[in-house]
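*Asks:* With the input below, show me the fold.
(4 chains)
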Number of protein chains: 2
Amino acid sequence: MDQLLDILKKNQLSITDGRKKILELFLNSPGALAHADIEKNTDASFDRVTVYRTLQTFVEKGIIHNIPTTDNSILYALCKDNCEAGHHHDNHVHFICDVCDKTICLDNVSIPEVKLPKGFKQNQIDLVISGICNECK
Amino acid sequence: MDQLLDILKKNQLSITDGRKKILELFLNSPGALAHADIEKNTDASFDRVTVYRTLQTFVEKGIIHNIPTTDNSILYALCKDNCEAGHHHDNHVHFICDVCDKTICLDNVSIPEVKLPKGFKQNQIDLVISGICNECK
DNA sequence: AAGATATTTGCAATAATGTTGCAAATATTA
DNA sequence: TAATATTTGCAACATTATTGCAAATATCTT
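*Replies:* Presented below is the predicted three-dimensional model:
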């Protein structure tokens, strides 16, 4: 609970019920969350628009980051430590389980360096692996 | 043109104008295409629904695969050679240019192996890098 | 080559998802 | 506690995706 307020204060965000509740969800979730998950887990006690705006704010502040997906959904997950506002540098692998459909941040697995052909300049890198997670097998 | 019909026949698909046109787009494109790109490049001569269904069919047959993105778009790209129906194993890096917004398959850049924590089993792997491409810089 | 059969397409309706402006409600500041 | 700034929820709208069904088109059979 302390951690919650800490994060919000550090990022100069007003403390509101919505932000507290949504951030709490992320802190308690082992994997990534979609907009729909959040609406479900808050019993629709917040307006859709509020959820959208909260997520957007969190991304801008570097509290959460979004994860690439192959369908048209957007997944968000908590940033570990060193993301500053506007500057994400998550460097870990994301894992999507084909069975339970959860997305997990493998914080300990870092993305290897890749040599690009000349002329290409790298900015962001995302590595997504799908398969079977440690709980489903 | 031959190649076109070949691909469709090999996959036991009826030869229709829509499928020919859309497949042709992929064959002539250096990178990936979004649904919107396809509608634009066909002058809306096909119904949105037809485009959706054609893309879906192509994915199912292993003719194209989709590429993970961090926004809520779906990108499709041609599978090289060895994708069978229902079994994609593209192993190359995808590059999205922040300037021209094009997605390019870097067929020559392969994805390095990644060691997953125990209990995790890898199926598909996707590496997406964004930055500036060789034409924009 | 022409009819019979199977597949695909386009339309219409519907659902799901995301965005914007603005007034009311809530949080922060002094 | 009042003044100010921020956030929320509503309503309306925009975009994107899905489904059923009849008409159109492709394939198969003879």
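*Asks:* mind listing what the residue most central in space within chain A touches?
*Replies:* Chain A has A:Ala77 as the residue nearest its centroid, 1.6 Å off, counting by C-alpha atoms, centre = their mean. Shown in contact with A:Ala77 (C-beta atoms under 8 Å, 6 or more residues apart in numbering or on different chains): A:Phe26, A:Gly31, A:Ala32, A:Leu33, A:Ile64, A:His65, A:Asn66, A:Ile67, A:His94, A:Thr103, A:Cys105. (Glycine included, C-beta is placed from N, CA and C.)
*Asks:* What of A:Ile67?
*Replies:* With contact set as C-beta under 8 Å, 6+ apart, A:Ile67 has these partners: A:Ala32, A:Leu75, A:Tyr76, A:Ala77, A:His94, A:Thr103, A:Cys105, A:Asp126, A:Val128, B:Thr70.
*Asks:* Quick check: pLDDT value at it.
*Replies:* If you check A:Ile67, the pLDDT there is 86.
*Asks:* Could you list the low-pLDDT ranges of chain A?
*Replies:* A:1, A:81-90 (pLDDT under 70).
*Asks:* Dump the contacts of A:Ile67 to TSV, plus secondary structure.
*Replies:* Listed next are the contacts of A:Ile67 as TSV, based on DSSP: H, G, I helix; E, B strand; the rest coil:
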residue	secondary structure
A:Ala32	coil
A:Leu75	strand
A:Tyr76	strand
A:Ala77	strand
A:His94	strand
A:Thr103	strand
A:Cys105	strand
A:Asp126	strand
A:Val128	strand
B:Thr70	coil
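*Asks:* which among these gets closest to A:Ile111?
*Replies:* Using C-beta to C-beta, A:Asp126 comes nearest to A:Ile111 of those, at 8.0 Å.
*Asks:* And the helix or strand containing A:Val49, what's buried?
*Replies:* Secondary structure assignment for A:Val49, by DSSP states H and E: helix A:48-61. Within helix A:48-61, the residues scored as buried using 16 or more other C-beta atoms under 10 Å in any protein chain shown are A:Thr50, A:Val51, A:Thr54, A:Leu55, A:Phe58, A:Val59, A:Lys61.
*Asks:* Show the contacting residues for the nearest residue to the second one once chain neighbours are set aside.
*Replies:* It stands for A:Val51. Spatially, and ignoring its direct neighbours in sequence, A:Val51 is nearest to A:Ile38 (5.5 Å; C-beta to C-beta, 6 or more residues apart in numbering or on different chains). Contacts for A:Ile38 (C-beta under 8 Å, 6+ apart) come out as A:Ile22, A:Leu25, A:Val51, A:Leu55.
*Asks:* coming back round to it: right, is the helix holding A:Val49 up against DNA strand D?
*Replies:* Yes. Against DNA strand D, helix A:48-61 shows contacts by C-beta under 7 Å from any atom of the strand at A:Val49, A:Thr50, A:Arg53, A:Thr54, A:Thr57.
*Asks:* got a list of contacts for that helix?
*Replies:* Under C-beta under 8 Å, 6+ apart, the answer for helix A:48-61 is A:11, A:13, A:18-19, A:22-23, A:35, A:38-39, A:42, A:46, A:64-66, A:76, A:85-86.
*Asks:* switch the cut-off to 6 Å
*Replies:* Residues outside helix A:48-61 that contact it (C-beta atoms under 6 Å, 6 or more residues apart in numbering or on different chains) are A:Asn11, A:Gly18, A:Arg19, A:Ile22, A:Ile38, A:Ile64, A:Tyr76, A:Ala85.
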